[in-house]
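Student: Any chance you could fold what I've pasted below:
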Amino acid sequence: MSFSDFDFSPAVMAGVRGQGYAAPTPIQTQAIPPALEGRDLMGLAQTGTGKTAAFALPILQRLSAGPRGTVRALVLAPTRELAEQIRSNFAALGQHTGLRAISVYGGVSAHAQAHGLRGRCEIVVACPGRLLDHMGQGNFDAKSVEVLVLDEADQMFDMGFLPSIRKILAKLPPRRQTMLFSATMPAELKGLAHECLKDPVTVSVAHAEPLASVAHALYPVVEHLKTPLLLELIRRAGSESILVFTKTKHRAKRVAQKVKDAGWSATDLQGNLSQNRRKAAMDGFRSGKIHVLVATDIAARGIDVSQITHVINYDIPDTPEAYTHRIGRTGRAAKSGDAYTLVTGQDEDMIRVIERKMGRAIERRTVEGFDYRAAPAPGAAPMRPAGHGGRGGHSHGGQSHGGQSRPAPADPASPRGGARPYWRQRRRPR
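Tutor: Sure, this is the predicted structure:
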């Protein structure tokens, strides 16, 4: 199947060709036809499979005919980075249509946004909180909205946006097309889908499992060796683009500084940064000026960089869904990628949950030549383990990029004296 089979207008097809799209992805093949018919839609697919174009192209086709200078399509997204990324995709795909898109989110001046909302655009991509502010100030009139999209709906639910979304829904015309896209579909989100979707078409493309184009590996390690091991993994990866995930903002900042001190171009992306600094971090990473980006889960939701070759979980995520989101940042656009997770003995419960979700065991590796028995550096400030839920959130691990893999050594601090790998040990009840 090709994009010409969708019978897009010449202006929309020019945007498709301009982006170098060859053939539609599975989610695009399934979602675009009902979206073009005006049907409500629930699209379930992983990050990096083309969800944005699956709703952007039908919207551009629909809005190409009809009035200009009034907001006719609204897209809600959980983070500033994702909102800006979606707006950029609309601009690129719709560059020959004359349609205008703006992004609306906090952290920047609301004045320019208000100017754009008052009759100067047809498409608004917004974070729920800032959009509600504009609605309260009379800057945004929703009466002309024909299409609503909830993107990364599971993350908006997790971030507590559900009340804000309901307030926005109450102000939109009841007669509209609504599309909900998400990489995962927790049971709690189904209630929201039932509220806002009418007789929807559901399309699902292997949304529960991580991408097949990504190779997974676990690197068991003790907590104080996590950073040295991370630096060794980065060294072996060479000059590739590497995305590192930490559990907290503080750890992201601290790990990024350690990577910079080791000689790589690196920066952090986390919620304490101003919007200008977050944009500078993303621009530098996307251009290749920044080699390693250390990010938290929330801040990384808008990262759409096709050249990412490695995702390294410095801290194991809290849920298998979060794992899927993280590793979906590599192996994008039909490319291959590597996902490494540094793990400690206290991460074994979450490892089992993730493996159960994947339906297979994840390979355990070590890095040839790495000293797993090294003591903490004298006078070094310890990096406190990041907890996850009711469990500790530590991670240590090793990998050989292009080298030999062998069974990981037992934690030298183990009370069993290293007789068995920690993932084979059973915890004794306390």
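
Student: Which stretches in the stretch 301-430 of the chain count as helices?
Tutor: Using DSSP state H, counting those that start in this stretch, the helices of the stretch 301-430 of the chain run over residues 320-327, 348-358.

Student: Dump the C-alpha coordinates for the shortest one into CSV.
Tutor: Meaning helix 320-327. Provided in CSV are the C-alpha atoms of helix 320-327 (Å, rounded to 0.1, in the frame of the first residue of the first chain):
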residue,chain,number,x,y,z
PRO,A,320,6.2,-2.2,32.0
GLU,A,321,4.2,0.5,30.2
ALA,A,322,6.9,3.0,31.1
TYR,A,323,9.5,0.5,29.9
THR,A,324,7.7,0.3,26.5
HIS,A,325,7.6,4.1,26.3
ARG,A,326,11.3,4.5,27.1
ILE,A,327,12.7,1.9,24.7
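
Student: roughly how far out does it sit from the chain middle?
Tutor: Put simply, helix 320-327 sits 8 Å off its chain's centre (CA atoms, centre = their mean, to the nearest Å).

Student: swap in stretch 247-265?
Tutor: 20 Å.

Student: repeat for stretch 359-379
Tutor: For stretch 359-379, the distance to the chain centre is 27 Å (CA atoms, centre = their mean).

Student: Flag every buried residue along that stretch.
Tutor: I362, R364, R365, T366, V367, F370, Y372 (16 or more other CB atoms under 10 Å). To be clear about C-beta, it is placed using only N, CA and C from the backbone, and glycine gets the same treatment.

Student: swap in stretch 340-349?
Tutor: Y340, T341, L342, V343, T344, G345, Q346, D347, E348.

Student: Tabulate the buried residues of stretch 359-379 (TSV), appending pLDDT and distance to A183.
Tutor: As requested, those are exported to TSV (pLDDT from 0 to 100; distance: CB to CB, whole Å):
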residue	pLDDT	distance to A183
I362	93	19
R364	94	26
R365	94	26
T366	93	31
V367	94	31
F370	94	33
Y372	93	35
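
Student: before we move on, back to that, would CSV of the buried residues of stretch 340-349 with distance to H115 and pLDDT be doable?
Tutor: Shown next, in CSV, are the buried residues of stretch 340-349 (distance: CB to CB, whole Å; pLDDT from 0 to 100):
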residue, distance to H115, pLDDT
Y340, 45, 94
T341, 45, 95
L342, 47, 96
V343, 50, 95
T344, 51, 93
G345, 55, 91
Q346, 51, 91
D347, 49, 94
E348, 54, 93
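
Student: backbone phi and psi for M159, please?
Tutor: phi -80, psi 0 (degrees, to the nearest 10).

Student: these two touch, right, it and I298?
Tutor: Yes - counting by CB atoms under 8 Å, M159 does reach I298; the two are 7.0 Å apart.

Student: Give the residues shared as contacts by the two.
Tutor: Taking CB atoms under 8 Å, 6 or more residues apart in numbering as the criterion, M159 and I298 both touch P78.

Student: Filter the buried residues of stretch 340-349 down to the ones in strands?
Tutor: Those of these mapping onto strands are Y340, T341, L342, V343, per DSSP state E.

Student: what's across from the last one in the sheet?
Tutor: Residues found in beta-bridge contact with V343 (criterion: DSSP bridges) are P220, H396.

Student: how far away is it from T184?
Tutor: 22 Å (CB to CB, to the nearest Å).

Student: now swap in the first one and tell me
Tutor: To T184, Y340 is 22 Å away according to CB to CB.

Student: likewise the third one?
Tutor: Counting by CB to CB, the gap between L342 and T184 amounts to 23 Å.

Student: Hmm, R329 and T309 touching each other?
Tutor: No - if you go by CB under 8 Å, T309 and R329 don't touch, sitting 10.4 Å apart.

Student: Just want to know which of those two has more residues nearby.
Tutor: R329 (27 against 17; other CB atoms under 10 Å).

Student: Show me how the protein divides into domains.
Tutor: 3-205, 214-424 (automatic domain parsing).
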